[in-house]
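Enquirer: Kindly generate the corresponding structure for this input.
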Amino acid sequence: MSEKRWVTFDCFGTLVDWRHGIATGIELVAPGKGRELLDVYNRHEPQVQSEHPGMRYSDVLVETLKRAAAEAKLDLVEDQFQVLRAAIPFWPVFPDTQQALRELQEAGWNLALLTNCDRVVIGETQRRLQIQFDAIVTAEDSGAYKPAHNHFEYFEKSLGVTRDRWVHVAQSYFHDMVPAGRLGIARVWINRLDEKDDPSIAHAVRRDLTDLAATVNEVHEKFNG
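Expert: Residues are numbered from 1 along each chain as shown. So this is what the prediction gives:
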C-alpha cells in the first residue's frame, strides 16, 4: 500500500469554471441563450452519462447540447453542436485554483484528478491548470461517469491508496459528495454556488479554494483522529 497522502479533485466546476464554459459556448451559436440553456443542459448531461457510460465526454457534450436545444426548441445545424467540444480546452480556470494546488504540493500532498471527461479533454485542460498531477482517472479509464463509484474504486485499487491517507475535494454534491460519502472517503465540499443541500454530508464546507491546504490538513487529522 502507498504511504503517500493524496488529495483528489473533480476538475470541471471545482478547478475549472464549467458553468462559464457551457454558457459562453452556447452563446456562440445561440446569442442571448447561454444562461437560459445552461440549466437545461445541466439537467440533461447526467442522463446522457447514465445512459451511455462508455461514451467519450467530448461526445457527451454534443449529445447533451442536442437534447437541450431540442427541449428549448432551438434550431441549430449539425456542426453547431460541436461548439462545446471545440471550446472546452479554453474554459477558464478559477482564479483560486493554481495557488491552492501549489500550496497543497508544498505541504507534501500528492494530487490527482477524478474527472468525468476523457483523456484528450483532460490533456488539453492540464495546460490551463499549469500543475503537474500525480495521477488522473477519467471516465474513459473507469468505464463510467460519477456519481457511479468507478472513479473512486479505480483510483484506490490502481494506486494502492488507503482511505486514511486520502481527502476528496469537489464542488458537485451529486457527482462527488454523495458517492464519496457512501464510500467513507474524507471529503471537502467546495460550495461555489451556495447550494442548499445538507452540508453535514461533508467533513468541511468552503465557498472556494482559499486556504484549502489548511482545510485538507484539518479534515485529514479529524478523519483519522
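
Enquirer: Touching, E63 and V48? I think so.
Expert: Yes - E63 is within contact range of V48, at 5.1 Å (criterion: C-beta atoms under 8 Å). Using the backbone N, CA and C atoms, a C-beta is placed for each residue, glycine as well.

Enquirer: Mind listing the shared neighbours of these two?
Expert: M55 (C-beta atoms under 8 Å, 6 or more residues apart in numbering).

Enquirer: Now do the longest helix seen in the chain: distance to the chain's middle.
Expert: Scanning the chain for the helix with the most residues, using DSSP state H, yields helix 34-51. Chain-centre distance of helix 34-51: 15 Å, with C-alpha atoms, centre = their mean, to the nearest Å.

Enquirer: if I've got this straight, P95 is in a helix?
Expert: No - judged by DSSP: H, G, I helix; E, B strand; the rest coil, P95 forms no part of a helix; its state is coil.

Enquirer: Could you report the neighbour count for it?
Expert: 10 (other C-beta atoms under 10 Å).

Enquirer: cool, and A202?
Expert: As a measure of burial, A202 has 24 neighbours, counting by other C-beta under 10 Å.

Enquirer: For G21, see how far away L84 is.
Expert: To G21, L84 is 8 Å away according to C-beta to C-beta, to the nearest Å.

Enquirer: ditto for K4
Expert: 31 Å.

Enquirer: and the two? which has more neighbours close in?
Expert: G21 (21 against 16).

Enquirer: what's the helix or strand for the more buried one?
Expert: Element membership for G21, per DSSP states H and E: helix 18-29.

Enquirer: which residues sit against that helix?
Expert: Residues contacting helix 18-29 (C-beta under 8 Å, 6+ apart): 12-13, 33-35, 37-38, 41-42, 65, 76, 80, 83-84, 87-88, 90-92.

Enquirer: The same query, at a cut-off of 7 Å, please.
Expert: Contact partners of helix 18-29, identified using C-beta atoms under 7 Å, 6 or more residues apart in numbering, comprise 12, 33-35, 37-38, 41, 76, 80, 83-84, 87-88, 91-92.

Enquirer: List buried members of those residues by neighbour count.
Expert: F12, K33, G34, L37, L38, Y41, Q80, V83, L84, A87, I88, W91 (16 or more other C-beta atoms under 10 Å).
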